[in-house]
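Participant: Sequence and predicted structure are below.
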Number of protein chains: 2
Amino acid sequence: MSSLLEQLIEAFRILPGVGQKTAQRMAYHVLEREREGGRRLATALADAVERVGHCARCRDFSETEVCATCASAARDAHQLCVVESPADRLAIEQATGFRGLYYVLQGRLSPLDGIGPREIGLDRLAERLGEGEVQELIIATNPTVEGEATAQYLAQLARQHGTRPSRLAHGVPLGGELEYVDRGTLSHAFGSRSEMM
Amino acid sequence: MSSLLEQLIEAFRILPGVGQKTAQRMAYHVLEREREGGRRLATALADAVERVGHCARCRDFSETEVCATCASAARDAHQLCVVESPADRLAIEQATGFRGLYYVLQGRLSPLDGIGPREIGLDRLAERLGEGEVQELIIATNPTVEGEATAQYLAQLARQHGTRPSRLAHGVPLGGELEYVDRGTLSHAFGSRSEMM
């Protein structure tokens, strides 16, 4: 039976990017200087793990049946932005002035891993598009092979329901230097150049 | 009142080196993929924060009155290694074959911050040296200004009690390249060169 300290170090290793050394540093830090914070973290973790589920409408994390965004009358239900993960949703919400609604896939199509349309909630998305309220489906899946395949599938689904699909622009990131931009992005940005006014 | 998810992200920020972005990633990771691990971490944290105290003999973390190392009959009580923190103690225990005992200061002398000999347990260390069992005091405080001042103080304390003080060797780290070693270390290593056999 290992000591409480060893158990704590081991437990920290479930966190992303945390190896043995970092876990040790975290455990020592909490015990030396942050016992009160450690108590708060323990409570917050236990509560969140027990009580945070998924919004019945957008599949984002929510501790209520329907999340605050979906329940808000101030959001525009004509625009629906589809993202792969809650983190992507948060990034868009923080970076843009988007006032529409979201749909969180909690994954991407990956037939080899057994992840088909049902697993990422596309059956319910199809029903929602069928209701006719969504006019534009903004597809914000990641620019990876699987994300692109998912985007193609989503665009087709949108068209079937008479909804206009759109995709985030690809190109050279702002503030980047051309020589460090990867070939695929550069080639795409070159091909999709737009006329300057 | 913020949501459970927001509370969890905020709570993660007590950990060393964890800012807003990392805290978000941790919270999402636990909720998406590691609920069981999150439950274990919550329990381990709560238990450790409540029940891990300090060993009455060496001041290291311990959930018992006297820690396993101090209580072990297999360790050599003639050698006492003084370190600043539990992490330093662990590093020495893992890297060396040291079979003596430790004394953990939980700090270093820093008069400007009000940290004097009593605050880092030097009164009890003096008593222990007075018992006469310790023959060598291995001083392994950090090679910083405050660590060196603490080392000088400890060496004097040892001599007063007829104990031999020793200090970890300073020099060029193994595997390092000379051109990247800082000046102070290089100068010290040069001055302390030893004859090759």
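Facilitator: Looks like it came in fine.
Participant: residue contacts, the residue most central in space within chain A?
Facilitator: With distances taken as Cα atoms, centre = their mean, A:S85 lies nearest the centre of chain A, 2.0 Å away. Counting by Cβ atoms under 8 Å, 6 or more residues apart in numbering or on different chains, A:S85 touches A:V104, A:L105, A:Q106, A:G107, B:Y28, B:E32. Bear in mind the C-beta positions are built from the backbone N, C-alpha and C, glycine included.
Participant: Could you tell me which of those count as buried?
Facilitator: By neighbour count, with 16 or more other Cβ atoms under 10 Å in any protein chain shown, the contacts of A:S85 hold A:V104, A:L105, A:Q106, A:G107, B:Y28 as buried.
Participant: farthest pair in these?
Facilitator: The two members of those with the most space between them (Cβ to Cβ) are A:L105 and B:Y28, at 14.0 Å.
Participant: mind putting the contacts of A:S85 in CSV, pLDDT, distance to B:T64 and secondary structure included?
Facilitator: Output for the contacts of A:S85, formatted as CSV (pLDDT from 0 to 100; distance: Cβ to Cβ, whole Å; DSSP: H, G, I helix; E, B strand; the rest coil):
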residue, pLDDT, distance to B:T64, secondary structure
A:V104, 96, 48, strand
A:L105, 95, 50, coil
A:Q106, 92, 45, coil
A:G107, 92, 46, coil
B:Y28, 94, 38, helix
B:E32, 90, 38, helix
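Participant: which among those gets closest to A:P117?
Facilitator: Minimum distance to A:P117 across these is 9.9 Å, recorded for A:L105 (Cβ to Cβ).
Participant: ok, now which ones touch the closest one?
Facilitator: Here A:L105 is in contact with A:R59, A:V82, A:V83, A:E84, A:S85, A:I120, A:G121, A:L122, A:T141, A:T150 (criterion: Cβ under 8 Å, 6+ apart).
Participant: Sort out which of those residues are in strands and list them.
Facilitator: Secondary-structure check on the contacts of A:L105 using DSSP state E: residues within strands are A:V82, A:V83.
Participant: Counting neighbours, which bits of whichever helix or strand A:A11 is part of end up buried?
Facilitator: Here A:A11 is covered by helix A:4-12, with elements defined by DSSP states H and E. Neighbour-count burial for helix A:4-12 flags A:L4, A:L5, A:Q7, A:L8, A:I9, A:E10, A:A11, A:F12 (criterion: 16+ other Cβ under 10 Å).
Participant: Okay, the fifth one and A:L90: tell me how far apart.
Facilitator: Looking back up the chat, that one is A:I9. Relative to A:L90, A:I9 is positioned 30 Å away (Cβ to Cβ, to the nearest Å).
Participant: cool, and the last one?
Facilitator: When distances are taken as Cβ to Cβ, A:F12 and A:L90 turn out to be 24 Å apart.
Participant: what's the answer for the third one, then?
Facilitator: Counting by Cβ to Cβ, the gap between A:Q7 and A:L90 amounts to 32 Å.
Participant: Which helix or strand in chain A has the lowest average pLDDT?
Facilitator: Among the helices and strands of chain A, helix A:183-191 carries the lowest confidence by mean pLDDT, DSSP states H and E, at a mean of 83.
Participant: that older thread, please produce a markdown table containing the contacts of A:S85, extended by distance to A:A48.
Facilitator: Putting the contacts of A:S85 into a markdown table (distance: Cβ to Cβ, whole Å) gives the following:
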| residue | distance to A:A48 |
| --- | --- |
| A:V104 | 17 |
| A:L105 | 21 |
| A:Q106 | 16 |
| A:G107 | 20 |
| B:Y28 | 11 |
| B:E32 | 12 |
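Participant: Next, give me the two most distant ones among these.
Facilitator: Of all pairs drawn from the contacts of A:S85, the greatest distance, 14.0 Å, lies between A:L105 and B:Y28 (Cβ to Cβ).
Participant: shaky segments in chain A?
Facilitator: Along chain A, the model assigns pLDDT under 70 to residues A:1.
Participant: what about 90?
Facilitator: Residues of chain A that meet the criterion pLDDT under 90 lie in A:1-2, A:33, A:87, A:90-91, A:93-97, A:111, A:143-144, A:168-197.
Participant: how about the strands of it, start to end?
Facilitator: A:53-54, A:61-62, A:76-83, A:100-104, A:136-139, A:164-167.
Participant: Now do the longest one against strand A:100-104, angle only.
Facilitator: Here strand A:76-83 points in a direction 30 degrees away from that of strand A:100-104 (axes from the mean of the first three to the mean of the last three Cα atoms, to 10 degrees).
Participant: got the buried residues for strand A:76-83?
Facilitator: Residues A:Q79, A:L80, A:C81, A:V82, A:V83 are the ones in strand A:76-83 that count as buried (16+ other Cβ under 10 Å).
Participant: residues contacting the third one?
Facilitator: In other words, A:C81. Taking Cβ under 8 Å, 6+ apart as the criterion, A:C81 is in contact with A:R89, A:I92, A:F98, A:G100, A:L101, A:Y102, A:Y103, A:I138, A:A140.
Participant: could you measure the third one against chain B, distance?
Facilitator: What that stands for is A:F98. Plainly put, A:F98 is 18 Å away from chain B if you go by Cβ to the nearest Cβ, to the nearest Å.
Participant: I figured that residue hits A:R89, correct?
Facilitator: No - counting by Cβ atoms under 8 Å, A:R89 is not a contact partner of A:F98; they are 10.0 Å apart.
Participant: So between those two, which is more surrounded?
Facilitator: A:R89 (23 against 16; other Cβ atoms under 10 Å in any protein chain shown).
Participant: Now do the helices in chain A.
Facilitator: Counting by DSSP state H, chain A has these helices, from start to end: A:4-12, A:20-33, A:35-51, A:68-71, A:86-95, A:122-130, A:145-160, A:183-191.
Participant: of all those, which lies closest to B:A189?
Facilitator: For the helices of chain A, the distance to B:A189 is smallest for helix A:20-33, at 26.0 Å, taking Cβ to Cβ.
Participant: angle of that closest one against helix B:35-51?
Facilitator: Going by the same axes, to 10 degrees, helix A:20-33 is angled at 40 degrees with respect to helix B:35-51.
Participant: From the rest of the structure, what touches helix A:20-33?
Facilitator: For helix A:20-33, contacts defined as Cβ under 8 Å, 6+ apart pick out A:5, A:8-10, A:12-13, A:18, A:37-38, A:41, B:14-17, B:45, B:48-49, B:52, B:61, B:85-87, B:90, B:106.
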